[in-house]
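**Q** Show me how the following folds:
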Amino acid sequence: MSGLSRRRLLAALASLPAWRSAAAVDFAPVRPGRRLVFPADHGAHPDFRTEWWYATGWLALPDGRPLGFQVTFFRVRTGVGEGSPSAFAPRQLVMAHAAIADPMLGRLRHDERSARVGFGRAGFETGRTAVWCGDWRFALDDGRYRAEVRAADFAYALDLLPDGPPLLNGKAGFSAKAADPRHASYYYSRPVTLEGRSQPVTGKAWLDHEWSSELMPDGAQGWDWLGANLDDGSGLMAFRMRGQDGKAMWSAASWRAADGTARILTPADVAFTPLREWRSPRTGIRYPVAWRLTVAGRVFELQPLFDDQELDSRRSTGAVYWEGAVRLMEGSAPAREVGRGYLEMTGYGERIRVG
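**A** Numbers count the residues shown, from 1 in each chain. So this is what the prediction gives:
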């Protein structure tokens with residue numbers, strides 16, 4: 001099956017009768033002022049409706065050739081069967097997807113796993129990062145994250161070493177997605193350095209851990225998100241919620257300098273401007289694959305590793321979106337590369353529905 005955006009996956013679940021029945025369940029709310037505590041908050045938060053651990057980055061093969069990679073583990077509290085004593089009740093689901101962006105191939109390799117929690121097939125831990133689905137696993141042990149994926153036509157085992165403490169997005173980890181504080185998540189990021197084993201690779205990556213019970217504000221069509229490592233040692237996360245008119249409904253960014261100091265930026269500090277579109281030959285969807293990103297007065301141009309980084313899962317859930325490796329360029333005549341990251345764009349086909 002095709003890979004899924006972490007939020008588009010939830011949108012697909014929203015159309016299922018069992019998922020709709022979860023409306024009567026009291027999911028834990030996200031509230032401002034709640035202090036994130038580590039290492040406990042590295043683990044799962046099963047009282048909340050949705051949660052994901054999301055790692056993206058660039059790899060360098062021994063010959064210097066670049067690859068993009070992405071792995072995401074979702075935990076979903078369905079609200080179904082919570083009063084049932086049966087071990088078969090799907091109270092919690094774990095889903096995972098992974099992808100490799102190879103410019104030599106010119107498209108993504110991707111795969112997916114999903115299972116209800118229990119019977120050893122899937123699970124998660126609270127208090128520390130450990131989540132698995134079948135033989136796929138993501139865990140934090142002895143200060144290192146370990147990502148293990150065995151897909152149909154690719155596999156990897158990556159060690160990710162955090163470059164510093166968690167970067168708390170928003171107000172001390174309370175990340176607003178709209179002016180209405182109901183639409184928020186608890187959210188932190190970690191720039192990481194990585195290496196692989198069987199075929200030696202090195203690189204830089206970005207880890208997001210986010211949990212919530214309601215995300216999408218009314219009128220939102222989709223979002224554009226970037227996580228990036230800059231060559232000067234700083235790290236940047238920026239996103240915008242996009243309305244049906246294509247304009248920003250809400251924007252935010254977190255910028256950690258090389259010395260570890262962090263700046264949390266407001267909507268007025270962040271602007272995404274599309275520069276060039278690519279039309280998918282499979283779906284007909286047009287994506288702005290090149291961007292001008294302005295953050296606190298600094299201007300970057302985002303250029304894709306290659307254009308065709310669309311993920312199409314219509315055969316399973318109907319989710320179609322773009323998620324891929326990008327270069328950050330700065331200056332002019334000529335522009336120079338100053339960083340690398342991952343860009344996610346949703347809602348350029350059908351409107352998404354989350355929460």
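
**Q** Could you use CA atoms for every contact and neighbour count after this?
**A** OK.

**Q** how much space between residue 114 and residue 134?
**A** 8 Å (CA to CA, to the nearest Å).

**Q** Residue 214 now?
**A** Distance from residue 214 to residue 134, by CA to CA: 28 Å.

**Q** With neighbour numbers in mind, choose between the two.
**A** Set residue 214 next to residue 134 and count neighbours by other CA atoms under 10 Å: residue 214 wins out with 20 against 17.

**Q** Now do the same for that one: helix, strand or coil?
**A** On the three-state scheme (DSSP: H, G, I helix; E, B strand; the rest coil), residue 214 is labelled coil.

**Q** wait, it sits on residue 181?
**A** No - assessed by CA atoms under 8 Å, residue 214 is found out of contact with residue 181, at 10.4 Å.

**Q** Give me the below-cutoff pLDDT ranges for the protein.
**A** Low-confidence segments of the chain (pLDDT under 70): 1-23, 196-198, 215, 312-319, 351-355.

**Q** Report the central residue of it.
**A** Centroid-nearest residue in the chain: residue 54, 4.6 Å away (criterion: CA atoms, centre = their mean).

**Q** who touches the closest residue in space to it that isn't next to it in sequence in this structure?
**A** Nearest non-adjacent residue to residue 54, counting by CA to CA, 6 or more residues apart in numbering: residue 72, 4.4 Å away. The neighbours of residue 72, taking CA atoms under 8 Å, 6 or more residues apart in numbering as the test, are 6, 52, 53, 54, 55, 96, 97, 98.

**Q** what does residue 41 give?
**A** For residue 41, counting by CA under 8 Å, 6+ apart, the contacting residues are 127, 128.

**Q** Provide the backbone phi and psi angles at it.
**A** Residue 41 adopts backbone torsions of phi -80, psi 0, taken as degrees, to the nearest 10.

**Q** residue furthest from the geometric center of the chain?
**A** The chain, CA atoms, centre = their mean, max distance from centroid: residue 85 (33.7 Å).

**Q** Assumed that residue was part of a strand.
**A** No - remark: residue 85 does not belong to a strand; assigned using three-state DSSP, it is coil.

**Q** This completes my enquiry, with thanks.
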